[in-house]
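Visitor: Okay, predicted coordinates and the sequence, questions at the end:
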Amino acid sequence: PAASAVLKKRLVKLVVNFLFYFRTDEAEPIGALLLEHCKITKEEENVFSISFIEEPERKYCFECATEEQCLEWVEALRRASYEFLRRSLIFYRNEIQKMTGKDPLEQYGISEEARFQLGAHRQ
Amino acid sequence: MKLNERSVAHYATCDSPADHTGFLRKRVERHHHHAHHHGTSYQRRWFVLKGNLLFYFEERESREPMGLVVLEGCTVELCEAAEEFAFAIRFDDAGARAYVLVADGQAAMEAWVKALSRASFDYMRLVVRELEKQLEEACKSLAACRKSPQRSSSSGRKRHLSNPALQPLQEKPTSLENGYSTWSSGGCVTSGATCADYDEGQAKPPPLPPRRRSAASSAAGSPAPGLSPAMLESPVSPETICFSKLHNWYGQEIAVLRREWQERQKRGHP
């Protein structure tokens, strides 16, 4: 990783909010990146980087086979965080409530769950 | 297996709100090859649930977590242990260790079991997909009702529909950061999205990433259109090979991790 001159070929797998990476012929990952509080940046052609909020200058760079793949990865990774999902949920919940006057989570009995509340919630 | 520990620790300890916190007693798991059982013992730890990650700290004031449990492909169930108010986190992967936790009382136990049962990313994704569909349907029926112009869509509505957090396709110089985009209307893209435009799908939030094929779901195919309460109680199980590795790694190398972190602190890392 880091902006070094050495690029190693890796198989990369996005599973929920983790990006696992493997040596190409191995079944077990050699490492993983938790994708929370991170920033995905499109760099030069075929390249994107991941950096984290507490250390913005440290970039994990990835070079893809094609520009199209690169853009797909950027999109997928930007939506890979739990926090992004949570915001999406709150957004939809809000919109549905405005349009229909009903809280869509009520029928599932989860409208009071802390994780679905707007703004500064929880304990 | 490597992990971006510093970032993980930062996420665990930063002031982003947690979904649940509290003291729990955690059963100490002994290696099976120890012939003698001294009986089970428990250690009191401070637990912090953020999203699908359950962190635990030695003390409430500890600056870095001791360990982490990734809550994917697991079930949370009440426990047969001798301890009262015990529950267990068990993984679909039989090889992965289970976590036996003990709460202070009935209410605390129930709150934890509830919070942990719904903590998985997959569960969240399921609910979001369902709501996305409902929103589409709500819009369609709204459009169907509106034959004549009613009160015009206010700019307030435009603002809500064009939230930058859900339109990453708009390339902005300040690229979106996972977990750090805000709802500020200042940075909003006013794409002139009235309700009519919304029906045509122009202001629709971008589609969610494609659903991964789960090893566990065979005949299921796609989730049932209506979410039953039962479905919501038990999380969907995704592939867990990678996660069991994470769990095992954390279970076995906590001491090593702490030493490394402490050494890094001494070396003056910020």
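Guide: Looks like it came in fine.
Visitor: Would the longest strand seen in chain A count as contacting chain B?
Guide: The longest strand of chain A (DSSP state E) is strand A:55-63. Yes. Part of strand A:55-63 sits near chain B under the criterion CB under 8 Å from any CB of the partner chain, namely residue A:55. Every C-beta, even on glycine, is put in place using the N, C-alpha and C of the backbone.
Visitor: neighbouring contacts of that strand?
Guide: Under the contact criterion CB atoms under 8 Å, 6 or more residues apart in numbering or on different chains, strand A:55-63 has outside partners A:1-3, A:7, A:12, A:33, A:39, A:41, A:43, A:46-52, A:73, B:6-7.
Visitor: Low-confidence regions, the stretch 51-200 of chain B specifically.
Guide: Residues of the stretch 51-200 of chain B meeting the criterion pLDDT under 70: B:147-200.
Visitor: ranges for the strands of it?
Guide: Along the stretch 51-200 of chain B, the stretches classed as strands by DSSP state E, counting those that start in this stretch are B:53-57, B:67-70, B:74-78, B:86-91, B:99-102, B:177-178.
Visitor: which one of those lies closest to residue B:117?
Guide: Comparing those by their distance to residue B:117 (CB to CB), the top pick is strand B:74-78, with 4.9 Å.
Visitor: Which strands border the closest one, and is each parallel or antiparallel?
Guide: The sheet places strand B:74-78 alongside strand B:86-91 (antiparallel), with pairing taken from DSSP bridges.
Visitor: helices and strands around the helix ranked longest in chain A, which ones?
Guide: Longest helix in chain A by number of residues, with DSSP state H as the criterion: helix A:82-100. Applying 3 or more CB pairs under 8 Å, 6 or more residues apart in numbering or on different chains; DSSP states H and E, we find helix A:82-100 packed against helix B:121-145, helix B:155-161.
Visitor: closest one to residue B:53 among those?
Guide: Ranking the helices and strands packed on helix A:82-100 by proximity to residue B:53 (CB to CB) places helix B:121-145 first, at 9.6 Å.
Visitor: Give me the nearest residue to residue B:42, chain neighbours excluded.
Guide: Among residues not flanking residue B:42 along the chain, residue B:25 sits closest, at 3.9 Å (CB to CB, 6 or more residues apart in numbering or on different chains).
Visitor: can you redo the strands of the stretch 51-200 of chain B as JSON lines with mean neighbour count?
Guide: Output for these, formatted as JSON lines (neighbours: other CB atoms under 10 Å in any protein chain shown):
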{"stretch": "strand B:53-57", "mean neighbour count": "24"}
{"stretch": "strand B:67-70", "mean neighbour count": "24"}
{"stretch": "strand B:74-78", "mean neighbour count": "19"}
{"stretch": "strand B:86-91", "mean neighbour count": "21"}
{"stretch": "strand B:99-102", "mean neighbour count": "23"}
{"stretch": "strand B:177-178", "mean neighbour count": "22"}
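Visitor: Residue B:40 is nearest to which of the ones you listed?
Guide: Residue B:40 lies closest to strand B:99-102 among those, at 8.1 Å (CB to CB).
Visitor: tell me the SS of the residue nearest in space to the middle of chain A?
Guide: The structure's chain A has its C-alpha centroid closest to residue A:80; by CA atoms, centre = their mean the separation is 2.4 Å. State at residue A:80, reduced to three classes by DSSP: H, G, I helix; E, B strand; the rest coil: coil.
Visitor: There's contact between it and residue A:14 in this structure, I believe.
Guide: Yes. In this structure, residue A:80 is within contact of residue A:14 by CB atoms under 8 Å, at 5.9 Å.
Visitor: what's the pLDDT at residue 9?
Guide: The chain I'm using is chain A. With respect to pLDDT, residue A:9 has a value of 85.
Visitor: Switch to chain B, please.
Guide: For residue B:9, pLDDT reads 94.
Visitor: Just confirm it is within a strand.
Guide: No. According to three-state DSSP, residue B:9 belongs to no strand; its state is helix.
Visitor: and it, how many neighbours does it have?
Guide: Per other CB atoms under 10 Å in any protein chain shown, the neighbour tally for residue B:9 reads 19.
Visitor: Same question for the one 4 residues further on.
Guide: Residues near residue B:13, counting by other CB under 10 Å, number 15.
Visitor: Please list all residues in contact with it.
Guide: Neighbouring residues of residue B:13 by CB under 8 Å, 6+ apart: B:63, B:64, B:65.
Visitor: again with residue A:97
Guide: Neighbour list for residue A:97: A:103, A:104 [criterion: CB under 8 Å, 6+ apart].
Visitor: cool, residue A:36 as well?
Guide: With contact set as CB under 8 Å, 6+ apart, residue A:36 has these partners: A:17, A:81, A:82, A:83, B:7, B:11, B:50, B:51, B:178, B:179.
Visitor: re the thing from before, which helices and strands does the one helix or strand the residue nearest to residue B:42 maps to pack with?
Guide: Residue B:25 belongs to strand B:20-27 when assigned by DSSP states H and E. Packed against strand B:20-27 by the contact rule (3+ CB pairs under 8 Å, 6+ apart) you find strand B:42-50, strand B:99-102, helix B:106-117.
Visitor: Dump these into JSON lines; add distance to residue B:78 as well.
Guide: Listed next are the helices and strands packed on strand B:20-27 as JSON lines, based on distance: least, CB to CB, whole Å:
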{"stretch": "strand B:42-50", "distance to residue B:78": "16"}
{"stretch": "strand B:99-102", "distance to residue B:78": "11"}
{"stretch": "helix B:106-117", "distance to residue B:78": "7"}
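Visitor: Would you mind finding the most buried of these?
Guide: Greatest average neighbour count among the helices and strands packed on strand B:20-27 goes to strand B:99-102 (a mean of 23), per mean count of other CB atoms under 10 Å in any protein chain shown.
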